[in-house]
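> need the 3D shape of this:
(one chain, ligands or ions: 1)
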Amino acid sequence: MWAMQIAEQGGPEVLGWVQLPDPTPAIGEILVEVAAAGLNYIDTYQRSGLYEVPLPYVLGLEGSGTVMAIGADVTAMAVGDHVAWPTNPGSYAGCVVMPADKAVKVPDEIDLEVSAALMLQGMTAHFLATSTYPLGPGDRCLVHAGAGGVGLLLIQIAKLHGAEVFTTVGTPEKADLAEIAGADHTILYRDVDFAAAVADLAGERPLDVVFDGVGKSVFAQSLSLLRPRGMMVTFGNASGPVDPVAPLELSANGSLFLTRPTLFNYLRTNAEMQSRADDLFDWVKSGDLDVRIGARYALRDTAEAHRALEGRATTGKVLLIP
Ligand code: NDP
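Numbering: from 1, shown residues only. Presented below is the predicted three-dimensional model:
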């Protein structure tokens, strides 16, 4: 099979298109022919060296496809099933093996591309809005990078739970997408000071929670927008990792809560993963959640896709097709 592998960490040029032996499923595993691999920001951190990985390493954590073979003791899945998964290393490949309990079955009504898009980014938006800070009617939240993969899904899920959504985006085209997703207030943070804009719209310290996947460039100002005892959720580093924070800053800003969640800790069991997937699939089926596939690249053109994501040129989900 062909796969996109790195032998060293660095820029997009380290991505290598290599031929590897076809994998076979061991006990409890399934072999899947990949229909679509999802591109996620974490893939760029694993490629660049911000996050450590064992080398050589086939990138990609997320995808969807068709079960081609099953190992001994697999009873929940059968050859021919459509499946999708959020966190299985090696997904930038024609085939992948994984423990059967790390994948979910895709309902007949949902196509494989949409299901791939719902896994890592969808489950992230789900856990942020329902577990990290369970949003409810009247809550006011700020979603940074609202036209991104996580952003467009998080805005919609926040609206489903009755929250008022402020969002930041890089371009007017991205603002249109965030508004279609349901954002109540959209701020072009490359043109205006977003903290001043939020305060103009809603007064001093109006927010219950900030969901921040942008990191370094927005973190400090975001703290200044939270109400006393509000929650700062820093969940990504698109603009670079956040600088160290002294606990006294949380006190000075109103006894704030600060958390740095990661999806892996919110998918601790198969049941937890399945229940997040069930909600996401149900919302797609009922028309409450729209999944935007912003771009598709051939898997062998992954370097181009990484450049577009890191260059802020993508919207919604980017898929890599083997
Ligand atoms: P996105 O599709 O949101 O792409 C990143 C966006 O960040 C860009 O489109 C851009 O939007 C914005 N951005 C702001 N500043 C920069 C910058 N300097 N360089 C690049 N982009 C910038 O990516 P994802 O949906 O895949 O991920 C969003 C964030 O969520 C990432 O930080 C990711 O690591 C994090 N994440 C965390 C998870 C967790 O478990 N903790 C799981 C999944 C994602 P704009 O042009 O509008 O500014």
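> which residues does the nearest residue to H185 once chain neighbours are set aside contact?
In this structure, H185 finds its nearest non-sequential neighbour in F166, 4.5 Å apart by Cβ to Cβ, 6 or more residues apart in numbering. All C-beta atoms are positioned from the backbone trio N, CA, C, and that covers glycine. By Cβ atoms under 8 Å, 6 or more residues apart in numbering, F166 lies in contact with 140-143, 183-185, 187, 198, 201-202, 207.
> can you turn the buried part of those into a PyMOL selection?
The buried residues among the contacts of F166 can be selected in PyMOL (16 or more other Cβ atoms under 10 Å) with this line:
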select buried, resi 140+141+142+143+183+184+185+187+198+202+207
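> make a markdown table out of the contacts of F166 and add secondary structure and distance to G170.
Output for those, formatted as a markdown table (DSSP: H, G, I helix; E, B strand; the rest coil; distance: Cβ to Cβ, whole Å):
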| residue | secondary structure | distance to G170 |
| --- | --- | --- |
| R140 | strand | 22 |
| C141 | strand | 19 |
| L142 | strand | 15 |
| V143 | strand | 13 |
| A183 | coil | 14 |
| D184 | coil | 19 |
| H185 | strand | 16 |
| I187 | strand | 11 |
| V198 | helix | 17 |
| L201 | helix | 19 |
| A202 | helix | 22 |
| L207 | strand | 20 |
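> just to revisit the earlier point, against S255, how distant is the residue nearest to H185?
22 Å (Cβ to Cβ, to the nearest Å).
> check L20 too.
Counting by Cβ to Cβ - L20 and S255 are separated by 52 Å.
> looking at those two now, which is surrounded by more residues?
Between L20 and S255, counted using other Cβ atoms under 10 Å, the more crowded position is L20 (15 against 11).
> in the stretch 201-322 of the chain, which residue sits nearest the ligand?
Closest residue of the stretch 201-322 of the chain to the ligand, Cβ to the nearest ligand atom: G236 (2.0 Å).
> so that residue sits right up against Y41, yeah?
Yes: with contact defined as Cβ atoms under 8 Å, G236 reaches Y41; the gap is 6.1 Å.
> which one's more surrounded, the two?
Under the neighbour definition other Cβ under 10 Å, G236 and Y41 were set side by side, and G236 has more, 24 against 19.
> now the more buried one. Nearest residue, chain neighbours left out?
G236 sits nearest to G213 (Cβ to Cβ, 6+ apart), 3.4 Å away.
> distance of the one you found relative to F235?
Per Cβ to Cβ, G213 is found 5 Å from F235.
> compare those two and say which is more crowded by neighbours.
Using other Cβ under 10 Å as the criterion, G213 and F235 rank with G213 on top: 24 against 21.
> touching, the more buried one and Y41? I think so.
Yes: counting by Cβ under 8 Å, G213 touches Y41, with 7.4 Å between them.
> can you pull the residues that touch both of the two?
With contacts taken as Cβ under 8 Å, 6+ apart, the residues that reach both G213 and Y41 are 236, 238.
> how about the residues of this structure by the ligand?
Neighbours of the ligand within the chain, by Cβ under 6 Å from any ligand atom: 40-42, 120-121, 124, 145, 147-151, 169-170, 174, 213-214, 217, 235-239, 261-263, 309-310, 312, 314.
> of the residues you listed, buried ones?
40-42, 120-121, 124, 145, 147-151, 169-170, 174, 213-214, 235-239, 261, 263, 309-310, 312, 314.
> just the residues you listed: which are in helices?
Mapping these onto helices (DSSP state H) picks out 41-42, 124, 149-151, 174, 309-310.
> all strands of the stretch 201-322 of the chain, in order?
207-212, 226-234, 257-259, 293-298, 317-321 (DSSP state E, counting those that start in this stretch).
> turn those strands into CSV, columns for mean pLDDT.
CSV is the format used below for the strands of the stretch 201-322 of the chain (pLDDT from 0 to 100):
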stretch, mean pLDDT
strand 207-212, 98
strand 226-234, 98
strand 257-259, 98
strand 293-298, 98
strand 317-321, 98
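> out of those, which is closest to L250?
If you check each of the strands of the stretch 201-322 of the chain against L250 by Cβ to Cβ, strand 257-259 wins as the nearest, at 5.7 Å.
> parallel or antiparallel, list what pairs with that closest one.
strand 226-234 (parallel) (DSSP bridges).
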